[in-house]
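J.: 3D, please:
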Amino acid sequence: MSASIEAQRRTRAFARVIGPYIAIFATVYAIRLPELVGLINDLFARPVLVWLLGAVMLGAGLVIIGGHRSWRGPLAVTVSLFGWFVAVRGFLLIAAPEAIRSGVDATMLSPTATTLARIFFVALAAVGLLLTYSGWFTKPATPEQGTLLGDLGVRRRR
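T.: Residues are numbered from 1 along each chain as shown. Sure, this is the predicted structure:
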């Protein structure tokens with residue numbers, strides 16, 4: 001099996017997990033965003049929980065970064081960027097929790113920013129659904145399916 005096929009399979013395996021996770025949480029965030037203010041305040045009132053959440057997020061992001069080293073194609077780029085996003089957020093929760101909290105507070109105090117955050121989470125949910133679809137319902141391209149013509153069953157000339 002070629003490295004390219006193995007990389008595609010690994011990308012799809014990560015997409016199978018990351019896609020539903022993003023779709024579910026982003027949808028819940030978009031719907032319940034104003035209600036989450038109390039939950040966020042409770043979280044930041046306990047520094048040990050913030051530190052623990054940051055440590056778990058940093059670890060999860062590093063697992064994705066270390067386990068998924070492919071940047072070929074939109075699906076692979078999305079999976080890799082998600083790993084980096086989670087790792088950076090985890091690091092910031094450990095290193096600068098007050099910066100994260102002030103950003104959340106500023107977003108929640110502004111009706112415009114809250115609306116924009118909801119739109120962002122809806123778009124993120126759509127990305128999660130695309131990852132889910134790609135991870136569960138697509139197959140890696142074989143060497144002769146490297147192009148759109150290959151996907152249609154037409155062989156490329158050598």
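
J.: Could you use CA atoms for every contact and neighbour count after this?
T.: OK.

J.: Contacts only, for Tyr21.
T.: Taking Cα atoms under 8 Å, 6 or more residues apart in numbering, we find Tyr21 in contact with Gly128.

J.: And it, how far from Arg46?
T.: Using Cα to Cα, to the nearest Å, Tyr21 is found at 25 Å from Arg46.

J.: Likewise for Leu116?
T.: 28 Å.

J.: which of those two has more neighbours?
T.: For Leu116 and Arg46, the more surrounded residue by other Cα atoms under 10 Å is Leu116, and the numbers stand at 13 against 10.

J.: what's the helix or strand for the more buried one?
T.: If you go by DSSP states H and E, Leu116 is part of helix 111-137.

J.: Go through that helix and flag the buried ones.
T.: Using 16 or more other Cα atoms under 10 Å as the test for burial, helix 111-137 gives 114, 117-118, 121-135.

J.: All the helices of the chain, residue numbers only.
T.: All helices of the chain, identified by DSSP state H, fall at 3-32, 36-44, 47-67, 74-95, 97-109, 111-137, 148-151.

J.: With mean pLDDT added, can I get these in JSON lines?
T.: Compiled in JSON lines, the helices of the chain are given as follows (pLDDT from 0 to 100):
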{"stretch": "helix 3-32", "mean pLDDT": "92"}
{"stretch": "helix 36-44", "mean pLDDT": "89"}
{"stretch": "helix 47-67", "mean pLDDT": "97"}
{"stretch": "helix 74-95", "mean pLDDT": "96"}
{"stretch": "helix 97-109", "mean pLDDT": "92"}
{"stretch": "helix 111-137", "mean pLDDT": "94"}
{"stretch": "helix 148-151", "mean pLDDT": "42"}
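
J.: what's Leu58 in contact with, if anything?
T.: Contacts here follow Cα under 8 Å, 6+ apart; on that basis Leu58 touches Val86, Ala87, Val88, Arg89, Gly90, Phe91.

J.: Not counting sequence-adjacent ones, nearest residue to Gly54?
T.: In this structure, Gly54 finds its nearest non-sequential neighbour in Gly90, 3.9 Å apart by Cα to Cα, 6 or more residues apart in numbering.
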